[in-house]
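Peer 1: Sequence and predicted model, in that order:
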Amino acid sequence: MTSFWTGKRIRLRGIEPDDWTAFMRFAEEEAGTGNLPCPPRSAEHHRARVKEQAAALSDGDCFQLAIEALETGKIVGSVGSFHADPRSGWFEYGVVIDAGHRRSGYAAEAVRLLLRHMFEERRFHKCQARILAYNTASLALHQRLGFVEEGRLREHVYVSGRHQDLVVMGILAEEFARAHPSDGFADGTAPARADT
């Protein structure tokens, strides 16, 4: 039997202390694109941060996972949920893919696995993503996944020496189930969230 966390090309797994070099590379790549406007961090900073993440207890709704390519066993990115509001039934998520592995389908598969977990197992109703308006590749990915633009925060983020728009995109559990029937429920509907 295949794990819930394994797709056709990737598997999502917990972060291990030895993953720190991959996470340092992701941070350096993001800084190079202007998406991460913070000073460079030391190798020790990344080593300590990843070691802390590897040992951190998950609260069930907010967590980060490594994206591992099945073919090579190498980490190609990370995906995680954050800012979860179980009472209202929504959460935000983020995904990062190594520059050398972008446009290979890894992000789409990782996001589908994460959404399937959050919608089917955790019974959330809605997922939100916040994307810088100039990141056309990420906007296109989210549209292909079934997200719709819900709003635009004008000149909301200061990146690369100027203010940039932030696009808020969302997808409902029912929309996800209809767009990804093999990932979602057979009848295209999602269960009601249990009271928590």
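Peer 2: Received, thanks. Residues are numbered from 1 along each chain as shown.
Peer 1: Do a quick rundown of the strands in the chain.
Peer 2: Remark: strands of the chain, listed N- to C-terminal, are 10-13, 63-69, 75-85, 90-97, 126-132, 148-159, 162-172; assignment by DSSP state E.
Peer 1: Redo these as TSV? Include mean neighbour count, distance to residue 109 and mean pLDDT.
Peer 2: No exception for glycine: its C-beta is placed from N, CA and C like everyone else's. Formatted as TSV, the strands of the chain follow (neighbours: other C-beta atoms under 10 Å; distance: least, C-beta to C-beta, whole Å; pLDDT from 0 to 100):
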stretch	mean neighbour count	distance to residue 109	mean pLDDT
strand 10-13	21	5	96
strand 63-69	22	8	95
strand 75-85	20	10	94
strand 90-97	20	10	95
strand 126-132	20	16	96
strand 148-159	13	21	94
strand 162-172	17	16	96
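Peer 1: among those strands, which is nearest residue 140?
Peer 2: Ranking the strands of the chain by distance to residue 140, with C-beta to C-beta as the measure, places strand 126-132 first at 10.2 Å.
Peer 1: List the contacts of the closest one.
Peer 2: Surrounding strand 126-132, the residues in contact under the criterion C-beta atoms under 8 Å, 6 or more residues apart in numbering are 35, 89-94, 115, 118-119, 138-139, 142, 147, 150, 157, 159, 164-173, 176.
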